[in-house]
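Asks: Next come a sequence and a model predicted from it.
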Amino acid sequence: MAGNDAVAYAVTLARPDVIAAYPITPQTTIVERLAELHADGELDAQYLHMDSEHSAMSAAMGASALGVRVFTATSSQGLLYMAECLHYAAGGRFPIVMANANRALALPWNIYGDQRDALSLLDCGWIQLYAEDAQEAFDLTLISFRLAEHPQVLTPVMLNLDGFSLTHTYEPVDLPDKERVDRFLPPVEVPFRMDLDHPMSLGFSAGPRHNTGFALKRHLAQEKAIEVLAQIEEDFGREFGRLRTGALESWYVEDAQWLLVTLGSISGIAREIVDELRRAGVKAGVVRLRMIRPFPAQALRQALRTATAVGVLEKNISVGFEGTLCSQVRAALQPLGGDSPPVLGFCAGLGGKNISADDIRQIFRRIERAQDEVETAFGVNWIDPGVSLEQDP
Amino acid sequence: MNKILERLELDAGEPFAGHKGCGGCGGTVALRLALKALGPRVFVGIPAGCMSAISFLYPQMALGVNAMISTFAGTASLISGMRAAADRRGFGDAHVLGFAGDGGTADIGLQALSGAIDRKERVIYICYDNEAYMNTGVQKSGLTPFTANTTTSPARTGTGNAVSGHKKDMFDIVVAHRIAYAATASVGFPQDYIRKVQKAARTEGTSYIQVLAPCPTGWGCESDSLGELARLAVDTGIWPLQEYDQGRFSLQRNPATFKPVREYVSAQARFRHLGEDELAQIEAERDARWSNLRRRIES
């Protein structure tokens, strides 16, 4: 099944109470599949046909205020359209789970995959997870509910899937039976919810005196999500027999000299190229980030400890500076001071442009050259931008 | 007022107290009466605006029922989510109320409201209409009446107000959705307003009530003139009391003659610039509108 189908089946098994749906390519097949399952009686939930992404997230918050399990999904322009509500939901500590099909942002219009949508919203207070393949999209959907609803976390989770390359690519997915999912994911229980016996105000104002305190509590709760994710994935491994590795997944990092940090579905090709390089005696490796909010800085420093040079590959550019993920990696390595390996940023795959195996080989060659250069830590390495700057400034 | 409430046998509890509203605020009266009419089994969404700014200042909450501030644009969608979750939890008998101002309803929140009516959500949406963005300092909204002075539609004597529109007809807009129940009301006629809230509460489907709520701060009127102005708006024919119920229109007041509009506008600084020509125009438009309203109830 496709990545979007995997999400829809996992959501169904998670027994959500309310689904707030609004379509946008390439998220659509998630809400379509859920609508079919709902119509067929396989999904027992309130399915709301919303009038926009802003309304979808508003409805999700209204439902979550009553302490029920809520799911929604979006992409790209839709994610940005609900941006106000993203901060709002995180501030309200509503444990909503949302799938985001990563897609380019207009202008110029483009419906294909890249990661500029979610990466432009790193600061909205949501936990951000990234799946690599359809099986992981399935697994992380179940895990996301546990994580968001965890009493020490209580933070909404955005599960990211690369548009088309993951959302619409068909792969075998192991679907567990309901009993095992129910054991892993019991019904939602949150410490605060609107009740008729104990009415309360939620989503209130807090002036200068109390505002920082609320921000601090959110920050600490999000930081906690790194270890909570690891605990949940231990449970997940016991229940379903699949090993999941917490905030990041490493490939040959034990002795790697040339390390590439990746995000999402491109990681599979990156690992294949590493295998190829290893056969040729090159000590290459990959660190795939599965969670970037909270940012697993400590685990990343540990994973990159043997590196001579590090590359960061993202389908994103923070225009006027560098890749956002690249900035995050550099900031995480900063405490190492002079011992920090040089970090090179690679911008590739914008607007659905294919990142080929050859591109990855080229990226590793570039990382290898970095140790001999002084200025490698600066600037963006654009992979095949497709324009000649002389002709088309 | 209290005698009226006693006669109506409303909930004795005080669901809305200790807020920071201005003296003579029509919006606070409209919210208090609505909550008394609905009773304690209720979930309320109130968007950014006066009513949320005066009611939800941590750690002092003015509402004694379940309530939450919605995003400015998201009142009707937030309460749709509340309804879905309430039904899911077996609270089918509980009411779900959205309580938004005129800007939050007719401008930024119109899309969400339209969506909720289209989905036939079993929610009550009350627009307390004080005819401008009062919380931010009296800026023009889509429900600011013709020629009214606001800080973003400043009027000048003799030239009137070039930017003022003609006040969107929200009642007809929601009726065009074939909504289950719609009504206009005025805080100057509390029995009529409460009866309409109670009717909305019994409605299977979406109900919309637009209640005129004078704002002394924004209108430039005395803070003890609330009841009088809210009645004058109706008696001058500026604010018809009407209902749309199961596809039928009705008028709760249909007088043979109206009081002169001058009596209503002269008590408000926002209309101070009006000349005879504009008053005549307002009355002519009122009369044309009323002939339509009367024709509609007869058909």
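Replies: Good, I have the coordinates.
Asks: low pLDDT regions in the chain?
Replies: Picked chain A for this. Chain A contains residues with pLDDT under 70 at A:374-378, A:389-393.
Asks: hmm, I had chain B in mind actually
Replies: In the prediction, chain B carries residues with pLDDT under 70 at positions B:1-2, B:4-5, B:157-164.
Asks: for it, longest helix please?
Replies: In chain B, with assignment by DSSP state H, the single longest helix is helix B:276-298.
Asks: to the chain's geometric centre, what's the distance from that one?
Replies: 21 Å (C-alpha atoms, centre = their mean, to the nearest Å).
Asks: So for it, what gets flagged as buried?
Replies: B:278-279, B:282-283, B:286, B:290, B:293, B:296 (16 or more other C-beta atoms under 10 Å in any protein chain shown). Where C-beta positions appear, they are placed from N, C-alpha and C, glycine not excepted.
Asks: With stretch B:112-124 instead?
Replies: B:112-117, B:119, B:121-124.
Asks: of those residues, closest to B:Asp87?
Replies: Of all the buried residues of stretch B:112-124, the one sitting nearest B:Asp87 is B:Arg122; the distance, using C-beta to C-beta, is 8.1 Å.
Asks: and that closest one, what does it touch?
Replies: Applying C-beta atoms under 8 Å, 6 or more residues apart in numbering or on different chains to B:Arg122 gives the contacts B:83, B:96, B:203-206.
Asks: ok, residue 98 - contacts?
Replies: Defaulting to chain A. Residues touching A:Met98, when contacts are defined by C-beta under 8 Å, 6+ apart, comprise A:57, A:60, A:71-74, A:126, A:156-159.
Asks: meant chain B, my bad for not saying
Replies: Going by C-beta under 8 Å, 6+ apart, B:Gly98 touches B:44-46, B:70, B:75-76, B:78-79, B:123-126.
Asks: Could you list which of the residues you listed also contact chain A?
Replies: Counting by C-beta under 8 Å from any C-beta of the partner chain, B:45, B:70, B:76, B:78-79 from the contacts of B:Gly98 sit close to chain A.
Asks: Most neighbours among these, please name it.
Replies: For the ones next to chain A among the contacts of B:Gly98, the largest number of neighbours (other C-beta atoms under 10 Å in any protein chain shown) sits with B:Leu78, at 36 neighbours.
Asks: doesn't it fall inside a helix?
Replies: Yes - if the criterion is DSSP: H, G, I helix; E, B strand; the rest coil, then B:Leu78 is within a helix.
Asks: how near is it to A:Arg361?
Replies: Taking C-beta to C-beta, to the nearest Å as the measure, B:Leu78 and A:Arg361 are separated by 51 Å.
Asks: cool, and A:Leu13?
Replies: Separation of A:Leu13 from A:Arg361 (C-beta to C-beta) stands at 40 Å.
Asks: Residue 88 - how many residues pack around it?
Replies: I'll assume chain A. Considering only other C-beta under 10 Å, A:Tyr88 is surrounded by 23 other residues.
Asks: try again with chain B
Replies: If you count neighbours by other C-beta under 10 Å, B:Arg88 ends up with 19.
Asks: for the closest residue to it other than its chain neighbours, what are its contacts?
Replies: With sequence-adjacent residues excluded and distances taken as C-beta to C-beta, 6 or more residues apart in numbering or on different chains, B:Arg88 is closest to A:Asp17, at 4.5 Å. For A:Asp17, the contact set (C-beta under 8 Å, 6+ apart) comprises A:45-46, A:63, A:68-70, A:188, B:84-85, B:88.
Asks: Narrow the residues you listed to those in strands?
Replies: A:46, A:70 (DSSP state E).
Asks: one step back: looking at neighbours, which among the contacts of A:Met98 is most surrounded?
Replies: A:Met57 (35 neighbours).
Asks: Give me the distance between the nearest residue to that residue once chain neighbours are set aside and B:Leu63.
Replies: Excluding the flanking residues, the one nearest A:Met57 by C-beta to C-beta, 6+ apart is A:Cys85, at 3.5 Å. Counting by C-beta to C-beta, the gap between A:Cys85 and B:Leu63 amounts to 22 Å.
Asks: Which one's more surrounded, these two?
Replies: A:Cys85 (29 against 25).
Asks: now what about the helix or strand that one falls within, what contacts it?
Replies: If you go by DSSP states H and E, A:Cys85 is part of helix A:83-91. Residues lying outside helix A:83-91 but in contact with it, judged by C-beta under 8 Å, 6+ apart, are A:54, A:57-58, A:60-61, A:64, A:79, A:96, A:121, A:124-126, A:155-156, A:158, A:203, A:214, A:218, B:71, B:73-74.
Asks: what does stretch B:131-146 give?
Replies: Where contact means C-beta under 8 Å, 6+ apart, the residues beyond stretch B:131-146 that reach it are B:48-50, B:53, B:101-103, B:105-107, B:110, B:129, B:148, B:150-153, B:161, B:163-168, B:170, B:215, B:217-219, B:238, B:281-282, B:285.
Asks: Just give me the closest of the contacts of B:Gly98 to A:Arg242.
Replies: For the contacts of B:Gly98, the minimum distance to A:Arg242 (C-beta to C-beta) is 37.5 Å, reached by B:Leu78.
Asks: so that closest one makes contact with A:Ser58?
Replies: Yes - B:Leu78 is within contact range of A:Ser58, at 4.6 Å (criterion: C-beta atoms under 8 Å).
Asks: buried ones in stretch A:365-372?
Replies: Along stretch A:365-372, these residues count as buried under the neighbour rule (16+ other C-beta under 10 Å): A:366-368, A:370.
Asks: how about the closest residue to A:Gln362 other than its chain neighbours, what does it touch?
Replies: Counting by C-beta to C-beta, 6+ apart, the nearest residue to A:Gln362 once its immediate chain neighbours are dropped is A:Ile383, at 7.2 Å. Residues touching A:Ile383, when contacts are defined by C-beta under 8 Å, 6+ apart, comprise A:346-349, A:355, A:359, A:362-363.
Asks: what's the closest of the residues you listed to B:Arg7?
Replies: Within the set of the contacts of A:Ile383, A:Gly349 lies nearest B:Arg7; the separation is 70.8 Å, counting by C-beta to C-beta.
Asks: quick one, phi/psi of the closest residue to the closest one other than its chain neighbours?
Replies: Taking C-beta to C-beta, 6+ apart, and ignoring the residues beside it in sequence, A:Gly349 has A:Lys315 as its nearest neighbour in space, at 3.9 Å. In terms of degrees, to the nearest 10, the main-chain angles of A:Lys315 are phi -90, psi 60.
Asks: doesn't A:Phe346 make contact with A:Lys315?
Replies: No - the pair A:Lys315 and A:Phe346 does not pass the contact test of C-beta under 8 Å, sitting 9.9 Å apart.
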